[in-house]
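Peer 1: my questions are about this predicted structure, shown below with the sequence.
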Amino acid sequence: MSAPIVSLESIGLNQGTSWLLRGLDLFIGERDRLALIGRNGAGKTTLFKIIAGLIDVDEGQRKQRPGTKIVILSQDPAVAGHATLRDFALAGEDAPEAHAVEAVADQMGIDLSREAETASGGERRRAALARALASEPDLLLLDEPTNHLDIAAIEWLEGWLQRYGGAFVTISHDREFLKRLTRSIIWLDRGAIRRNEIGFGGFEAWTEQIYDEEARAAQKLDTKLAQEMKWLQRGVTARRKRNQGRLENLHKLRAQRASMLGQQGKAKLDLDTDDAKTKVVIDAKDISKTFDGRQILKPMSFRIQRGDRIGLVGPNGAGKTTFLKLLTKELEPDTGRVRHAKTLSGILIDQQRSLLSPEKRVRDIVAEGGEWVEVRGEKRHIVGYLKDFLFTREDADRQVSAMSGGERSRLLLAREFARPSNLLVLDEPTNDLDLETLDLLQEVIADYDGTVLLVSHDRDFLDRTVNMVVGLDGSGEVDIVAGGFADWEAKRKRRTTAKPSSRSGSRSAPAAPPPTDRAERLSFRDKHELETLPNLISGLERKIRIHETALADPELYAAGPAAAQKLGEELDALKASLSAAEDRWLELSEKEEALAG
């Protein structure tokens, strides 16, 4: 391990009548890439401030190597009081050089001359990133760095951090971001810290092992403690196991939807039977939209079936929210029309946390102050219902003002999901949610018996929840792909690669000859490979889980680093094989689809 640049020894922080953190030891090396994981309200942001020396602790001591520069990227950049984003990025005694900030901002595509007050959440976040990255810190503390960023900006940030020569600790709900960048995990759980030198891919296996050990220990204690541990396990381990079955159902939905989409991703439905007609809940015909001379959406038709889970992706400003409003009839199209099924009844969940009255209690929000809540026609006791959303009995009487942003998001979900509906519209629902709440949201969406329209930049969450992706690129074009984000991204990359060069003087490739009868179906070898690849992929995924579980076992490291290093190398090789197998399966599937017409 490299020499620590910051260390915390037996740290304790008291808040009122209880300890938020106590007995914490943490050492950060000069090249560490750490993921800080914990539930909303566990104290992650507070721990960041302690690491940075911004909060005095009640116990223990903090040490910092002389000359170490630490920079925090906070969740909510404090742009108030600054005329422009440039003024914000260059404010303060420790501000970076202007040319360095401009260089990073240019790469991220942010206009620093934007008025700070009217800038969007994504623009403010990019300006804060430009300031933080241009400061050339020895240690970066990134608090939810991907919030409000579109996928292109997230990928750029990932590339920057992969090249970064210093250390960083990140709080993030973005699983894909964590998988790609972090090497070690700090788990802040019930006021204590656990650390494991594994990538994020091994986190779930590691935590389940710890919960199992605690559950066995709890059996030796009193009944109440055993019950609490059983509930904790149900909320984590059992939920993830159930989600495996839900993922299988999601794959079936994707296969069904793929059969209804044309080769170029244009939506079409077989309307030959009355049964098919009853399944259409939103029918958009030749709709388009233009704002201030810019065409946000070119004429297109799209039909949405009952039970569809549709993810909308694209850069900030590409028109995702506009498209969503057109589909829900909140906005009228310039051309065409949108029809809804007569029985369509929707609810919208967006960033409405600020609308929750701070003085109200949880039970006031969910059950109008009572003991019972009506959940889609079923009467349920508020305590039992709240447990479904990871709240305890005591939380029923907590005030909104005492809750973290993530807990308020969870409360909003509990309130909205109790209402009767068959259309669920989610606009950036993953912001500020912890990983367990994301698991919960994934479960609720999977069990929802209506249609889901979802706007998100969280790649892993999209892969876990949607059966169709609608991509907008800002030019007015819409690209529709059956599957999750990974399927949409693979098609996008192949389409980009396949485009001929636009440079002057470049030669066009010779036109392909028309297909012959011989080429109108897959070769025997390709067909056999297409049929056998799913079993190969399942086997590789099984081996990866076994390796990740082994790497999460603390006893593995007791015998020295050699065994862990070997397992890690094998795991990397298995993941590379899995990626290649999935790409090959997708390639053959598209080839078969194209040949079929």
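Peer 2: Great, that's in hand.
Peer 1: what separation do you get for residue 362 and residue 410?
Peer 2: 10 Å (CB to CB, to the nearest Å). No exception for glycine: its C-beta is placed from N, CA and C like everyone else's.
Peer 1: nope, residue 424 is what I meant
Peer 2: 16 Å.
Peer 1: who has more neighbours out of these two?
Peer 2: Comparing residue 424 with residue 410 by other CB atoms under 10 Å, the one with more neighbours is residue 410, at 26 against 21.
Peer 1: let me see the contact set for the residue positioned nearest the centre of the chain.
Peer 2: In the chain, the centroid-proximal residue (CA atoms, centre = their mean) is residue 458; its distance is 3.1 Å. By CB atoms under 8 Å, 6 or more residues apart in numbering, residue 458 lies in contact with 146, 173, 174, 175, 176, 430.
Peer 1: wait, the fourth one sits on residue 462?
Peer 2: No - checked against CB atoms under 8 Å, the pair residue 175 and residue 462 is beyond contact range at 11.0 Å.
Peer 1: who has more neighbours, the two?
Peer 2: Using other CB under 10 Å as the criterion, residue 175 and residue 462 rank with residue 462 on top: 26 against 20.
Peer 1: can you read off the pLDDT for the more buried one?
Peer 2: Residue 462 is assigned 90 on the pLDDT scale.
Peer 1: correct me if wrong: it contacts residue 311.
Peer 2: Yes - contact between residue 462 and residue 311 holds when scored by CB under 8 Å: they sit 4.6 Å apart.
Peer 1: overlap in contacts, residue 362 and residue 410.
Peer 2: Listed as contacting both residue 362 and residue 410 by CB under 8 Å, 6+ apart are residue 391.
Peer 1: what is the neighbour count of residue 310?
Peer 2: The burial count assigned to residue 310 is 22, neighbours taken as other CB under 10 Å.
Peer 1: which residues sit in contact with the residue nearest to it when sequence neighbours are not counted?
Peer 2: Nearest non-adjacent residue to residue 310, counting by CB to CB, 6 or more residues apart in numbering: residue 468, 4.9 Å away. Neighbouring residues of residue 468 by CB under 8 Å, 6+ apart: 254, 257, 261, 308, 309, 310, 311, 480, 481, 482, 483.
Peer 1: surely residue 534 is in a helix?
Peer 2: Yes - according to DSSP: H, G, I helix; E, B strand; the rest coil, residue 534 belongs to a helix.
Peer 1: tell me the pLDDT at the residue nearest to residue 310?
Peer 2: 90.
Peer 1: may I have the phi/psi pair for it?
Peer 2: Phi and psi for residue 468, reported as degrees, to the nearest 10, are phi -150, psi 140.
Peer 1: next: the one 10 residues further on.
Peer 2: For residue 478, the backbone dihedrals are phi -120, psi 130 (criterion: degrees, to the nearest 10).
Peer 1: can you pull the phi and psi angles for the closest residue to it other than its chain neighbours?
Peer 2: Leaving out its chain neighbours, the residue that sits closest to residue 478 by CB to CB, 6+ apart is residue 300, at 5.2 Å. Reported as degrees, to the nearest 10, the phi and psi values for residue 300 are phi -150, psi 160.
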